[in-house]
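Enquirer: when you get a sec, could you give me coordinates for this:
(chains A, B, C and D)
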There are 2 protein chains.
Amino acid sequence: MVRLADVARAAGVSTSTASRALSRPDMVAAETRERVAKAAAEMGFTLNATARALTTGHTGLVGVIVPTLANPFFPPIVTGVQESLAETGGNVLLGVSDRSEERERELAAQLGSRVDGLVLVAPVSGDATLHELAERLPVVTVDRTTPGLPGVVVDTPGGVRELMAHLLGLGHRHIAYLGGPPGSWMDRQRTRAARKAVEDGGGELTVLDPVPPQVDAGLAAAEHLVRRAERVTAVMAYSSYVLLGLLMGLRGAGLRVPEDISLAASDDLTVIGMTQPGTTALHVPLQEAGAAACRLVREAPHTGERPPRVRVPTRLVVRGSTAPPPEKR
Amino acid sequence: MVRLADVARAAGVSTSTASRALSRPDMVAAETRERVAKAAAEMGFTLNATARALTTGHTGLVGVIVPTLANPFFPPIVTGVQESLAETGGNVLLGVSDRSEERERELAAQLGSRVDGLVLVAPVSGDATLHELAERLPVVTVDRTTPGLPGVVVDTPGGVRELMAHLLGLGHRHIAYLGGPPGSWMDRQRTRAARKAVEDGGGELTVLDPVPPQVDAGLAAAEHLVRRAERVTAVMAYSSYVLLGLLMGLRGAGLRVPEDISLAASDDLTVIGMTQPGTTALHVPLQEAGAAACRLVREAPHTGERPPRVRVPTRLVVRGSTAPPPEKR
DNA sequence: CTGAAAGCGCTAACAC
DNA sequence: GTGTTAGCGCTTTCAG
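Expert: Down below sits the predicted model:
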């Protein structure tokens, strides 16, 4: 392994000068700088990030803890953090909690001493635990807020309202919400927003049992809807996968979309590369949310009363899967 | 920040003893060990991973560089590495190359000095570049092999052969392969295996233009197939997303699956949570591949002529989307 | 603009 | 079993 000292010797300068030449080029004479750079290049030298971190006190790493990578919702967030970090040469230290509170704590503890800050995506730990963590290092939550801590949330409630307004505007009065994942914080937000929007609009919302974000779940729900002969004329699914299942299931049962029933998703179908059978959906800028979280975590320690909050707006994309209900046609 | 020295003082021992008590419990008297543990707990102390890494020479981190997280193929591999690593308290340092060779090198260089080894998933860099890297630290490739370097490959060719044998066995003679992503190493493997299998079996393989792994691509291909009135009676798509698009597109055009045309995928549909409309597919143990890569990278430096290779077998799952061709019924 | 010296927090011989 | 003494490779005052 070649050390900075080796490069320094080869360039005929002290290690301090070599260090400066490499890390703070402007603090060194142009000629010296070049000599060092040349020596370093020739010897295939790279500054040892670990040693650097030990002296400077920061690692250039940001820890990102996600519940899982299997749900397509999360990878874009990680990508967002990574991209934002890449601008300054930083990297993402990843943790997958599997939605286990214990694992989440464990990961946080492990990552804690090797990162400059932690981005917790949809954390399952309690507020108190998160606060403890935040005392040791900068912490930002994504897709959940905790009193007193900085956070980034996608404005899904706002988007849901917008989506519901769209459906109501088309004339729908009996709308169903197929939500999930079971027990999630975000799902409660969505449900509440949906209910309020629909009821305020003079409609009636049927909240179906929450399901996991899978095509099969949508398929099953479609069957359920058809069998129970629900009077609903429109369904909002929380996940594209679920929507896809719904679409296939309803069509399979002989229902036409949107003639017989309208369908919409409260997340982004493009994650699965589907834009074609024109599906009305909420575009959710997950990557931006990740980038925003990264920015927050690297800002000054938010030791204030009013922690910064970023609310990332969604965008309603209206396509062919929504239309006026049958009786209105 | 509390340091080990602080804990040691509180426990009335030297730092070395405190260090041992925490890192190598069996080298210390039970009573001492407990005293140190207690002090550490009370003070909320955690060993500083950076300092530790500097002295021991290893970080407990493994770098994983993937082309993207948007393709559902890759996240499971990352998860596999992470899980395998978690057994020993390690973590994953993530890099997303965006399929850019330059970015890949850059990331490798950045991560190089902070990890114990590097897992390169479907790397785009040339063999020479990879070898250079491998001289500096343990490197394992996944989903691609490079002469002289350890690697993990999913035995997709084997799986493709099996899948084709299944189709041929059903009586299909005109089979199409819808592959991609364009230009990928793995796609060439698949195409070659498919062609050989089909031709050896007395059939004819139509290789369609490679497409990105998206539902829309399948939809477009379906249209294409129908319009061109291909005589094919079975289609193998390389991606579940593509298959899904194909399924929807063909059904939309009035074709029945599998009565009129059989469909199969050379990757795993369960990634999108779809098992219901029974789709014949190759189960690809991506997570295991990641875990295997992790194991390889942590083994002794493979400075040998014959680098270890792991071939992860796929498993053909036959479901309802494949049946004998129309004329055979 | 450059060099010397003092650590960052921890582990690892090496004695006792 | 435990303490002492050196560093790991780098950055950073502090002088010059």
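Enquirer: now do the contacts for the closest residue to DNA strand D within the stretch 101-250 of chain A.
Expert: Using C-beta to the nearest atom of the strand, the single residue of the stretch 101-250 of chain A nearest to DNA strand D is residue A:116, 13.9 Å away. (Glycine included, C-beta is placed from N, CA and C.) Contacts for residue A:116 (C-beta atoms under 8 Å, 6 or more residues apart in numbering or on different chains) come out as A:58, A:59, A:60, A:61, A:62, A:90, A:137, A:138, A:297, A:298.
Enquirer: okay if I get those residues as CSV plus distance to residue A:97, neighbour count and pLDDT?
Expert: As requested, those are exported to CSV (distance: C-beta to C-beta, whole Å; neighbours: other C-beta atoms under 10 Å in any protein chain shown; pLDDT from 0 to 100):
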residue, distance to residue A:97, neighbour count, pLDDT
A:58, 24, 14, 93
A:59, 21, 23, 95
A:60, 23, 18, 95
A:61, 18, 23, 97
A:62, 16, 25, 97
A:90, 22, 21, 94
A:137, 17, 17, 92
A:138, 19, 22, 94
A:297, 18, 27, 94
A:298, 22, 18, 91
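Enquirer: picking that back up, quick one: the residue of the stretch 101-250 of chain A closest to DNA strand D from residue A:48, how far?
Expert: Here residue A:116 is placed at a distance of 18 Å from residue A:48 (C-beta to C-beta, to the nearest Å).
Enquirer: same check, this time on residue A:188
Expert: 47 Å.
Enquirer: contact residues of the stretch 101-250 of chain A facing chain B?
Expert: A:107, A:109-114, A:136, A:212-217, A:219-220, A:241, A:244-245, A:248 (C-beta under 8 Å from any C-beta of the partner chain).
Enquirer: you'd agree residue A:33 is up against residue A:25?
Expert: Yes - at 5.4 Å, residue A:33 counts as touching residue A:25 under the criterion of C-beta atoms under 8 Å.
Enquirer: higher neighbour count, the two?
Expert: Higher neighbour count among residue A:33 and residue A:25: residue A:33, with 20 against 14, using other C-beta atoms under 10 Å in any protein chain shown.
Enquirer: identify the residues contacting the more buried one.
Expert: With C-beta under 8 Å, 6+ apart, residue A:33 has these contacts: A:21, A:25.
Enquirer: can you tell if the host helix or strand of it touches DNA strand D?
Expert: Assigned by DSSP states H and E, residue A:33 belongs to helix A:30-43. No - using C-beta under 7 Å from any atom of the strand, we find that helix A:30-43 stays clear of DNA strand D, coming within 9.6 Å at best.
Enquirer: buried residues in that helix, which are they?
Expert: A:32, A:33, A:35, A:36, A:37, A:39, A:40 (16 or more other C-beta atoms under 10 Å in any protein chain shown).
Enquirer: doesn't residue A:47 lie inside a strand?
Expert: No - secondary structure assignment (DSSP: H, G, I helix; E, B strand; the rest coil) places residue A:47 in coil, not in a strand.
Enquirer: distance of it from DNA strand D?
Expert: 5 Å (C-beta to the nearest atom of the strand, to the nearest Å).
Enquirer: gap between that residue and residue A:57?
Expert: In terms of C-beta to C-beta, residue A:47 sits 15 Å off from residue A:57.
Enquirer: more crowded one of these two?
Expert: Each of residue A:47 and residue A:57 has its neighbours counted (other C-beta under 10 Å); residue A:47 has more, 16 against 10.
Enquirer: how about the more buried one: what's its closest non-neighbour residue?
Expert: residue A:22 (6.2 Å; C-beta to C-beta, 6 or more residues apart in numbering or on different chains).
Enquirer: for whatever helix or strand the one you found lives in, give the mean pLDDT please.
Expert: Element membership for residue A:22 (DSSP H and E) is helix A:15-23. What helix A:15-23 shows for mean pLDDT is 96.
Enquirer: doesn't residue A:95 fall inside a strand?
Expert: Yes - counting by three-state DSSP, residue A:95 is part of a strand.
Enquirer: how about the helices of the stretch 51-200 of chain A, start to end?
Expert: All helices of the stretch 51-200 of chain A, identified by DSSP state H, counting those that start in this stretch, fall at A:75-86, A:101-112, A:127-136, A:156-170, A:185-200.
Enquirer: let's have those helices in TSV, adding mean pLDDT, mean neighbour count and distance to DNA strand D.
Expert: Shown next, in TSV, are the helices of the stretch 51-200 of chain A (pLDDT from 0 to 100; neighbours: other C-beta atoms under 10 Å in any protein chain shown; distance: least, C-beta to the nearest atom of the strand, whole Å):
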stretch	mean pLDDT	mean neighbour count	distance to DNA strand D
helix A:75-86	96	23	18
helix A:101-112	94	18	20
helix A:127-136	93	16	21
helix A:156-170	96	20	42
helix A:185-200	94	18	40
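Enquirer: out of these, which gets nearest to residue B:287?
Expert: helix A:75-86 (14.8 Å; C-beta to C-beta).
Enquirer: centre of the chain to the closest one, how far?
Expert: In terms of C-alpha atoms, centre = their mean, to the nearest Å, the centre of helix A:75-86 is set 9 Å apart from its chain centre.
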